[in-house]
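Trainee: Let me see the structure of the following:
(2 chains)
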Number of protein chains: 2
Amino acid sequence: MKKLVAAFLILLFTLPVFADDSISLGTTKSLESKIMAENRPYMVYLPPSYGTSENTYPVIYLLDGDIHRFKGFVGVLESLSTETLGNQVQEAIVIAIPNTNRSRDLTPSSLIEWKFKGRVLETFDQTGNAKQFAKFLENELIPTVDTTYRTSKKRVLVGESFGGLFAANTLIESPSVFTDYLIIDPTSLWDNDYLNRAVNAGNKDIKFNSRVYFAFANNSHLGDIGLTNYEWGSTFASSVIDNNDAISEQQFFENETHGTVAFLAWYNGLKTLMSTTEH
Amino acid sequence: MKKLVAAFLILLFTLPVFADDSISLGTTKSLESKIMAENRPYMVYLPPSYGTSENTYPVIYLLDGDIHRFKGFVGVLESLSTETLGNQVQEAIVIAIPNTNRSRDLTPSSLIEWKFKGRVLETFDQTGNAKQFAKFLENELIPTVDTTYRTSKKRVLVGESFGGLFAANTLIESPSVFTDYLIIDPTSLWDNDYLNRAVNAGNKDIKFNSRVYFAFANNSHLGDIGLTNYEWGSTFASSVIDNNDAISEQQFFENETHGTVAFLAWYNGLKTLMSTTEH
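Mentor: The predicted structure follows:
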């Protein structure tokens, strides 16, 4: 009987996949957030070796985490962390967080009218809830993920545009929630240079201790708006890099715009923050 | 009753995804190949709009199509063909073809010992079956895909290393099977400059009519082998580009090696061959 079971098990594990089998990339989950007073969905990707190892893994939190961005980001990570691209990057868990109310959750101050040099760029129903959303991450989502999966201490926040603004603000307000930040073309134009004002308003001797990779796009086709967003963003990045115990960097992508820079930012950012050769 | 059904349907389509739902990236299928005399698995990715449109879609055939390369390539395509990266690239179906016997199927000539300047680079049990494998694609896999899915006439072959050698050889031997070729750091060192010898041995007035994007890595750390592989590959690429009715190009990646170049090659190659602004 034991032999039969053994033979059956061998058969089970060596059977090639001949049927029409769905290829799974991850799982959609959700949690009832008391802090946000709403149900918050999220998507989970587990790395290739997760099921066959006892290892713990870094966790990457991906903002603006809709299904397309989830597939794209996971594609970059899976390639870089497997033989496909020479195992350059550590395997990691990805938690993608779709928006329920983007301008409400990702902006750090309340503005009905977002202005730049007297001109209204955009109007909003709700803004300024970043502190609350950061609490949701810190006190609800991260503890849930840490108790559900085998997580290591490395925790990366990835944000772009408004998501980059949120990530930068989290770096100022509660830097220890994440060990690493991948900040892509942040909306530095928000609330008249909010980020630099926040850095300068508080403790002049502000010290960072998080690994940060900044990616900036070439938005000069947008004129003053594009140039100023980069100028303010780069000034902020320099403050972070110069006053940081962890090695951080900023990179400018001449040939990419705000809407296209994410991909090379993921590629270069993951190689910088998650390299297999130094950790 | 009708109202009840309508209400139920609305509920059904507006229910947020609260359960632990698997996120599917595609399907594994297979076919019994008479030409190859074996069962051949393949993976299928359908683009986001496939289920809600009547459109036909280009089909991209991905060689060396294991699960990691499938996830990585699809991630690039999904990002580039959705709002994530500004809809720069056409949506497309992907068919990834895993190897069953790599050296047998992807090489165009029979070599037991693969030599370069008298030195044996590698020995093989089986090589030289490229013509047969190309027939399998042309007469079995492609017809199956074309009858199963809504495919357009645009058909792209993506190959890297030995896969690039196979793609380049297909371009010479049966160019019309694919409309476009994405050839990544091909093994031009194969069989003493096989590709250039094949181009020069046949009709001197050889004319291509396929869109080709070549990506080459910097393998100078490998010395003579790396330099010669690039030299021969670049010579072949120039022949293709110069004698081609379709606009083609080659790109050299200074900062990438043979094992890492695939990603930027996919990114740039898809933008070149599948652009939404010209087709």
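Trainee: Quick one: residues contacting the residue nearest to A:Thr82 when sequence neighbours are not counted.
Mentor: Once flanking residues are discounted, A:Thr82 sits nearest to B:His68: 4.1 Å by C-beta to C-beta, 6 or more residues apart in numbering or on different chains. (C-beta placed from N, C-alpha, C; glycine too.) B:His68 makes contact with A:Pro48, A:Glu78, A:Ser79, A:Thr82, A:Glu83, A:Thr84 under the criterion C-beta atoms under 8 Å, 6 or more residues apart in numbering or on different chains.
Trainee: Reformat those residues as CSV; add neighbour count and pLDDT.
Mentor: Converted to CSV, these look like this (neighbours: other C-beta atoms under 10 Å in any protein chain shown; pLDDT from 0 to 100):
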residue, neighbour count, pLDDT
A:Pro48, 14, 96
A:Glu78, 26, 97
A:Ser79, 27, 97
A:Thr82, 22, 96
A:Glu83, 11, 94
A:Thr84, 25, 94
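Trainee: Just to be sure, which of those residues are found in helices?
Mentor: Residues of the contacts of B:His68 located in helices (DSSP state H): A:Glu78, A:Ser79.
Trainee: For the longest strand along chain A, buried residues please.
Mentor: When chain A is parsed with DSSP state E, its longest strand is strand A:21-33. Of all the residues in strand A:21-33, those buried under the rule 16 or more other C-beta atoms under 10 Å in any protein chain shown are A:Ile23, A:Leu25, A:Gly26, A:Thr28, A:Lys29, A:Ser30, A:Leu31, A:Ser33.
Trainee: Over to stretch A:193-207?
Mentor: Going by 16+ other C-beta under 10 Å, stretch A:193-207 has these buried residues: A:Asp193, A:Tyr194, A:Leu195, A:Ala198, A:Val199.
Trainee: ok, residues contacting it?
Mentor: The contact list for stretch A:193-207 (C-beta under 8 Å, 6+ apart) reads A:108-109, A:165, A:168-169, A:172-173, A:186, A:188, A:232-233, A:235-236, A:239, A:243-245.
Trainee: rerun at 10 Å
Mentor: Contacts with stretch A:193-207, where a contact means C-beta atoms under 10 Å, 6 or more residues apart in numbering or on different chains, come from A:107-109, A:111, A:116, A:164-165, A:168-169, A:171-173, A:175, A:186-189, A:191, A:208, A:228-229, A:231-233, A:235-237, A:239-240, A:243-245.
Trainee: Residue of chain A nearest chain B, please.
Mentor: A:Gly75 (1.2 Å; C-beta to the nearest C-beta).
Trainee: ok, for that residue, nearest residue in space, not its chain neighbours?
Mentor: B:Gly75 (1.2 Å).
Trainee: hang on, the earlier thing: from A:Ser79, how far off is the residue nearest to A:Thr82?
Mentor: Between B:His68 and A:Ser79 the distance is 7 Å, computed by C-beta to C-beta, to the nearest Å.
Trainee: Chain A: helices as residue ranges?
Mentor: According to DSSP H, the helices that chain A contains are A:2-14, A:67-80, A:102-106, A:130-136, A:142-148, A:162-173, A:194-201, A:224-242, A:262-273.
Trainee: Could you list the residues of the stretch 151-279 of chain A in contact with chain B?
Mentor: Contact residues (C-beta under 10 Å from any C-beta of the partner chain) of the stretch 151-279 of chain A with chain B: A:160, A:256-264, A:266-267, A:271.
Trainee: and which of the residues you listed is nearest to B:Gly128?
Mentor: Nearest to B:Gly128 out of those is A:Tyr267 (C-beta to C-beta; 36.3 Å).
Trainee: Just give me the neighbour total for the closest one.
Mentor: 22 (other C-beta atoms under 10 Å in any protein chain shown).
Trainee: what's near enough to touch it?
Mentor: Each residue near A:Tyr267 by C-beta under 10 Å, 6+ apart is listed here: A:Val76, A:Leu77, A:Ser79, A:Leu80, A:Leu85, A:Gln88, A:Val89, A:Ala215, B:Val76, B:Phe263, B:Leu264, B:Tyr267.
Trainee: any idea how far it is from B:Leu222?
Mentor: A:Tyr267 is 23 Å from B:Leu222, by C-beta to C-beta.
Trainee: Ok, A:Ser161 next?
Mentor: For A:Ser161 relative to B:Leu222 (C-beta to C-beta), the value is 41 Å.
Trainee: what about the two, which has more around it?
Mentor: Each of A:Ser161 and B:Leu222 has its neighbours counted (other C-beta under 10 Å); A:Ser161 has more, 20 against 14.
Trainee: Excluding chain neighbours, give the residue nearest to the more buried one in space.
Mentor: A:Thr187 (5.5 Å).
Trainee: quick one, what contacts the one you found?
Mentor: By C-beta under 10 Å, 6+ apart, the neighbours of A:Thr187 are A:106-107, A:114, A:121, A:159-166, A:168, A:194-195, A:229, A:232-233, A:258.
Trainee: change it to 6 Å
Mentor: A:Ser161, A:Phe162, A:Leu165 (C-beta atoms under 6 Å, 6 or more residues apart in numbering or on different chains).
Trainee: Include distance to B:Thr179 and pLDDT when you put the residues you listed into a markdown table, please.
Mentor: A markdown table is the format used below for the contacts of A:Thr187 (distance: C-beta to C-beta, whole Å; pLDDT from 0 to 100):
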| residue | distance to B:Thr179 | pLDDT |
| --- | --- | --- |
| A:Ser161 | 36 | 98 |
| A:Phe162 | 40 | 98 |
| A:Leu165 | 43 | 98 |
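Trainee: Of those residues, just say which sits nearest to B:Arg150.
Mentor: Nearest member of these to B:Arg150, counting by C-beta to C-beta, is A:Ser161, at 34.3 Å.
Trainee: now A:Ile183, which residues is it bridged with?
Mentor: Judged by DSSP bridges, the bridge partners of A:Ile183 are A:Gly159, A:Phe214.
Trainee: Contacts for stretch A:92-99 next, please.
Mentor: A:41-43, A:45-46, A:57-62, A:65-66, A:70, A:74, A:145, A:149.
Trainee: Show me which of those residues are buried.
Mentor: A:41-43, A:45-46, A:57-62, A:65-66, A:70, A:74, A:145.
Trainee: In strands, which of those appear?
Mentor: Among the buried ones among the contacts of stretch A:92-99, the ones falling in strands (DSSP E) are A:Pro41, A:Tyr42, A:Met43, A:Tyr45, A:Tyr57, A:Pro58, A:Val59, A:Ile60, A:Tyr61, A:Leu62.
Trainee: before we move on, back to that, and chain B, which of the buried residues of strand A:21-33 reach it?
Mentor: A:Ile23, A:Leu25, A:Gly26, A:Thr28, A:Lys29, A:Ser30 (C-beta under 6 Å from any C-beta of the partner chain).
Trainee: Give me the nearest residue to the second one, chain neighbours excluded.
Mentor: The reference is to A:Leu25. B:Leu25 (4.3 Å).
Trainee: Same question for the third one.
Mentor: Sequence neighbours aside, A:Tyr45 is the residue nearest to A:Gly26 in space, at 4.1 Å (criterion: C-beta to C-beta, 6+ apart).
Trainee: I figured that neighbour hits A:Val74, correct?
Mentor: Yes - look at A:Tyr45 against A:Val74 with C-beta atoms under 6 Å: they come within range, at 4.8 Å.
Trainee: Could you count how many residues lie near A:Pro98?
Mentor: Around A:Pro98 there are 21 residues (other C-beta under 10 Å).
Trainee: do A:Val94 as well
Mentor: 26.
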